[in-house]
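**Student:** the following block contains a protein sequence and its predicted model.
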Amino acid sequence: MDPLAALAEFEQAALAAIAAATNAPALEQVRIEFLGKKQGRLKDLQSLLGKATPEQRPVLGKRFNDVKEAVTAALEAKLTSVAKPAVAATAIDLTLPGTPIELGRLHPITQTVREFQGIMARFGFEVVDGPELEDEWHNFDGLNIPLEHPARDPLDNFYLAAACTATGEPMLLRSQTSMLLRSQTSNVQIRVMEQRKPAPVRIISVGRVYRPDDIDATHHVMFHQLEGLMIGPDVTMASLKSVLRMFAAAYLGGDSEVRFRPSFFPFTEPSVEVDVRWKDRWLELGGAGMVDPNVLTAVGYDPEQVTGFAFGLGIARFCMLRHGIDDIRLFYQNDVRFLRQF
Ligand code: PHE
């Protein structure tokens, strides 16, 4: 047969076979049949080349190479096209590593709060909650803090600039109706006693309080307090000190020493500052005292019948001590590199 005609026939047959093949194994069969090194049909054609006359040879050689290239290219193109749908059909590769799910965790302050609640619950204190947005009665008046008291200074509190009533009228009578972000958790004392008989009362409340302050390593405009209140027929300063000592021991461990220093709060009498011994120094924890008779009267209790103690401790300091944190701002920057350590 004429070598050129043989090449043309080879090309046609190979391209038809490639077009007919629908998957990779079939294409491999086609490749072996037409281009196979040992017995492929192209190999037979190569021997024809040897028999060509010297004039025919250059034309034939070029044609041979063109056909070989064309068939090879068609084969490769078809191979990639049949490979694609096969991959799509089995797209779930169970051996891939997957996208790891990042687990969240509780904020260190939240962890401390939960631990405090657990400790105090074991001592029989019920955990209650109170509003952060408070009226002046519960934040000040009920706590025996008179109108002219410096603690009520607008510069030392976050009063709401334009609180409105439900009907849209502005609330103007500051002494009766102004709202503020509470400056202390002691508002919860008033809210609890208003609602309950002194039968006895034994509660704690943990939450945020707000005071305008320059923010630095130890101050923030928002921080957390633990408020405690116990009312009963014969609650004394000794009860207060025992509870605080047991609390400090439960959190800090060992036989924690607690000391009182004389102080003043309008809502307690006598009032004290509470310190705890940590390693070889005394650390301030907060304020405490015996509930002032004026406060008991304000909520309808009879100061002749019941007495009580109250305390208010800062939370962050405990957490900072335990973890060796030296800057309170770290708690509120939400940097995961910090947070994921706890
Ligand atoms: N409320 C006081 C403060 O914010 C702390 C305190 C609470 C003192 C209860 C006495 C009794 O500093």
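**Tutor:** Sure, I can see it.

**Student:** export stretch 120-131 to CSV, keeping only CA atoms.
**Tutor:** This file holds the C-alpha atoms of stretch 120-131, laid out as CSV (Å, rounded to 0.1, in the frame of the first residue of the first chain):
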residue,chain,number,x,y,z
MET,A,120,-20.4,30.6,97.5
ALA,A,121,-23.2,28.2,96.5
ARG,A,122,-21.5,25.5,98.6
PHE,A,123,-21.7,28.0,101.5
GLY,A,124,-25.4,28.3,101.0
PHE,A,125,-25.5,31.6,99.0
GLU,A,126,-28.1,31.8,96.3
VAL,A,127,-26.8,33.3,93.0
VAL,A,128,-29.0,36.2,91.9
ASP,A,129,-28.8,38.8,89.0
GLY,A,130,-29.5,42.5,88.8
PRO,A,131,-29.8,45.1,86.1
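
**Student:** just the closest residue of the stretch 51-200 of the chain to the ligand, please.
**Tutor:** Residue nearest to the ligand within the stretch 51-200 of the chain (C-beta to the nearest ligand atom): Gln184, separated by 3.6 Å. C-beta: built from backbone N, CA, C; applies to glycine.

**Student:** give the closest residue to that residue in space, chain neighbours not counted.
**Tutor:** Distances taken as C-beta to C-beta, 6 or more residues apart in numbering put Val209 closest to Gln184, at 5.4 Å, once the chain neighbours are dropped.

**Student:** for Met120, same thing?
**Tutor:** For Met120, ignoring the flanking residues on the chain, the nearest one in space by C-beta to C-beta, 6+ apart is Ile204 at 4.6 Å.

**Student:** count of residues packed around that neighbour?
**Tutor:** Number of residues near Ile204 (other C-beta atoms under 10 Å) recorded here: 24.

**Student:** a strand runs through it, doesn't it?
**Tutor:** Yes: according to DSSP: H, G, I helix; E, B strand; the rest coil, the state of Ile204 is that of a strand.

**Student:** the residue of the stretch 51-200 of the chain closest to the ligand reaches Gln225, doesn't it?
**Tutor:** Yes: with contact defined as C-beta atoms under 8 Å, Gln184 counts as touching Gln225 (6.5 Å).

**Student:** find the residues that touch each one of those two.
**Tutor:** 209, 312 (C-beta atoms under 8 Å, 6 or more residues apart in numbering).

**Student:** show me what from the stretch 51-200 of the chain comes close to the ligand.
**Tutor:** Counting by C-beta under 6 Å from any ligand atom, the stretch 51-200 of the chain comes close to the ligand at 184, 186.

**Student:** output the below-cut-off pLDDT ranges for the stretch 51-200 of the chain.
**Tutor:** Residue ranges of the stretch 51-200 of the chain with pLDDT under 70: 85-90, 162-177.

**Student:** which residues in it form helices?
**Tutor:** For the stretch 51-200 of the chain, the helices defined by DSSP state H, counting those that start in this stretch occupy 56-89, 108-122, 136-139, 174-177, 187-195.

**Student:** make a markdown table from those and add distance to Phe247 and mean neighbour count to it.
**Tutor:** Rendered in a markdown table, the data for those read as follows (distance: least, C-beta to C-beta, whole Å; neighbours: other C-beta atoms under 10 Å):
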| stretch | distance to Phe247 | mean neighbour count |
| --- | --- | --- |
| helix 56-89 | 64 | 13 |
| helix 108-122 | 6 | 17 |
| helix 136-139 | 25 | 20 |
| helix 174-177 | 36 | 12 |
| helix 187-195 | 17 | 21 |
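
**Student:** and of these, who's closest to Asp302?
**Tutor:** Of all the helices of the stretch 51-200 of the chain, helix 187-195 sits nearest to Asp302, with 12.1 Å by C-beta to C-beta.

**Student:** burial count for the residue of the stretch 151-300 of the chain at minimum distance from the ligand?
**Tutor:** Closest residue of the stretch 151-300 of the chain to the ligand, C-beta to the nearest ligand atom: Gly287 (3.0 Å). Gly287 has 22 neighbours, counted by other C-beta under 10 Å.

**Student:** all further residue positions should be reported with the first residue as 39.
**Tutor:** Sure thing, new numbering starts at 39, so read that last one as Gly325.

**Student:** my guess is it contacts Phe302, does it?
**Tutor:** No: the pair Gly325 / Phe302 is not scored as a contact, 9.1 Å apart, by C-beta under 8 Å.

**Student:** which neighbours do these two share?
**Tutor:** Counting by C-beta under 8 Å, 6+ apart, the contacts common to Gly325 and Phe302 are Ser309.

**Student:** so where do the strands sit in this structure?
**Tutor:** Remark: strands assigned in the chain by DSSP state E are 164-165, 171-173, 196-197, 217-219, 239-248, 260-270, 296-303, 306-316, 319-329, 345-352.
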